[in-house]
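J.: Let me see the structure of the following:
(one chain, ligands or ions: 1)
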Amino acid sequence: MLVRQELSYYRTPLLRLPSLERLFARGDSKIYAKYEGVNPTGTHKDRAAALHVQRALEGGFRVLTAGTCGNFGVSLAYYSRMVGAKAVIFVPRRYTLERMADLRRYGAQLVFVDGSYEDAVEKSVRAASDNGWYDANPGSSNTSVNFEAYSALAYEIAWELGDPPTTVALPVGNGTTLAGVHMGFKRLKDLGYIESVPRMIGVTTVHGNSAIDSFLSGRDSAVPTPSVKETKYNEPLVSMISFDGDAALRALRESGGGALRVPDRVMLGHSRLLRELEGIDVLPASASVVEALRSLDGGTHVLVFTSRWHLP
Ligand SMILES: N[C@@H](CCOP(=O)(O)O)C(=O)O
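T.: Got it, this is the predicted structure:
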């Protein structure tokens, strides 16, 4: 197994979790955290935002746009400001955004939308097309940039472990991250760096996620979930329309993976557990992936914690 170090963009830590192993491991299994909370704005979305800003500059764009329910908008604003570009971020008015202060701090121009996250994305996509702005939305014509950015997570995991893990568990909202990480492992296998692709496990909220609900009901493509219930804990996961849901479904099926839905109180419990036993602060939606450990057999399991704790 040889993955060249240059393939790695960020090299966020891959941490062995001894206390979780004592609680959950079967046989000789090993449990690791890929902790994305150390990215500059505290989430893995920085990987995608940095690459979008690079592509925008290469394409001669000075204005970028995205709809957000929090994390991605903050990342896009941060990297846009770094190069002197403008980020126009569409925000659903009814969200009490914990990250609003960050959006303002990084100089984003905010457009408030009466409606859902999906409405905010739709308005942002239209504004990009009407005004000639760079469209950084998931599911848009530039979504392959997201897949590319998140594929680096696979390179980094494979590089550090020396072999592919047995499973990788990730939180799922739009499904973009899971599809990108799977793409990275598949690419490594196609190039002969690794011999197998890990099983992908998608974890989401019980309160509605189009990609995971469709997967669990045996569908081949993602259909909208009619009723969702947002809370401040499940916000990064709840999704009426998972914009990259079809790609996530393919990744789950091709990898022989699985999916599960987690209630808020369980996410919160896992977040507390990680703080108390392992000393890492993880947003409840990200901590939800710990639940996957209950159904895993022996092997090497990587939990991707996409975001550090940023709730008040
Ligand atoms: N949106 C979540 C994690 C899931 O990512 P997605 O690519 O499936 O939307 C977050 O912000 O952490």
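J.: How far away from the center of its chain is whichever strand or helix holds Ile31?
T.: Using DSSP states H and E, Ile31 sits within strand 30-35. With CA atoms, centre = their mean, to the nearest Å as the basis, strand 30-35 stands 16 Å off its chain's centre.
J.: quick one: strands adjacent to that strand?
T.: strand 14-16 (antiparallel), strand 300-305 (parallel) (DSSP bridges).
J.: contacts for the last one?
T.: By CB atoms under 8 Å, 6 or more residues apart in numbering, the residues outside strand 300-305 that reach it are 14, 17, 29-37, 44, 153, 157, 161, 163, 165-171, 177, 181, 198, 274, 280, 282, 286-287, 289-290, 292-293. C-beta coordinates here come from the backbone N, C-alpha and C atoms, glycine included.
J.: now the first one
T.: Counting by CB under 8 Å, 6+ apart, strand 14-16 makes contact with 30-35, 156-157, 160-161, 278, 280, 302, all of which sit outside it.
J.: For Gly107, which of the strands paired with strand 30-35 is the nearest?
T.: Among the strands paired with strand 30-35, strand 300-305 comes nearest to Gly107, with 27.9 Å by CB to CB.
J.: is that closest one up against the ligand anywhere?
T.: No: judged by CB under 6 Å from any ligand atom, strand 300-305 makes no contact with the ligand; its nearest approach is 8.8 Å.
J.: Give me the mean pLDDT for that strand.
T.: Here strand 300-305 scores 98 as its mean pLDDT.
J.: do the same with stretch 211-227
T.: On average, stretch 211-227 scores 96.
J.: what about it and the ligand, any contact?
T.: No: using CB under 6 Å from any ligand atom, stretch 211-227 never reaches the ligand; the gap is at least 7.4 Å.
J.: If we go by neighbour counts, what in that stretch is buried?
T.: Residues of stretch 211-227 classed as buried: Ala211, Ile212, Asp213, Ser214, Phe215, Leu216, Ala222, Thr225 (neighbour count, 16 or more other CB atoms under 10 Å).
J.: Identify, from the residues you listed, the entry nearest to Leu237.
T.: Nearest to Leu237 among these: Ile212, at 8.7 Å, using CB to CB.
J.: quick revisit: Serialize the strands paired with strand 30-35 to CSV and add fields for mean neighbour count.
T.: Supplementary listing: the strands paired with strand 30-35 in CSV, determined by neighbours: other CB atoms under 10 Å:
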stretch, mean neighbour count
strand 14-16, 15
strand 300-305, 26
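J.: Can you lay out those strands as a markdown table showing distance to Ala48?
T.: Listed next are the strands paired with strand 30-35 as a markdown table, based on distance: least, CB to CB, whole Å:
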| stretch | distance to Ala48 |
| --- | --- |
| strand 14-16 | 20 |
| strand 300-305 | 14 |
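J.: ok so, going back, could you point out the helix or strand that follows the strand holding Ile31?
T.: Downstream of strand 30-35, the first helix or strand assigned by DSSP H and E is helix 45-58.
J.: buried stuff in that next one?
T.: Residues of helix 45-58 classed as buried by neighbour count (16+ other CB under 10 Å): Lys45, Asp46, Arg47, Ala48, Ala49, Ala50, Leu51, His52, Val53, Arg55, Ala56, Leu57.
J.: thinking Pro13 is in contact with Val38, fair?
T.: Yes: using CB atoms under 8 Å, Pro13 is in contact with Val38, at 6.7 Å.
J.: Distance check, Ser288 against Leu273.
T.: Separation of Ser288 from Leu273 (CB to CB, to the nearest Å) stands at 12 Å.
J.: the more surrounded of these two?
T.: Ser288 (33 against 16; other CB atoms under 10 Å).
J.: what sits against the more buried one?
T.: For Ser288, the contact set (CB under 8 Å, 6+ apart) comprises Pro171, Val203, Thr204, Thr205, Leu237, Val262, Val266, Met267, His270.
J.: re the thing from before, kindly indicate which of the buried residues of stretch 211-227 lies nearest Val83.
T.: Nearest to Val83 among the buried residues of stretch 211-227: Ala211, at 32.2 Å, using CB to CB.
J.: show me where this structure has helices.
T.: Using DSSP state H, the helices of the chain run over 18-24, 45-58, 71-82, 100-105, 117-131, 143-161, 176-190, 210-216, 245-254, 264-273, 284-287.
J.: For the ones you listed, which has the smallest mean pLDDT value?
T.: helix 100-105 - the lowest mean pLDDT of those, at a mean of 89.
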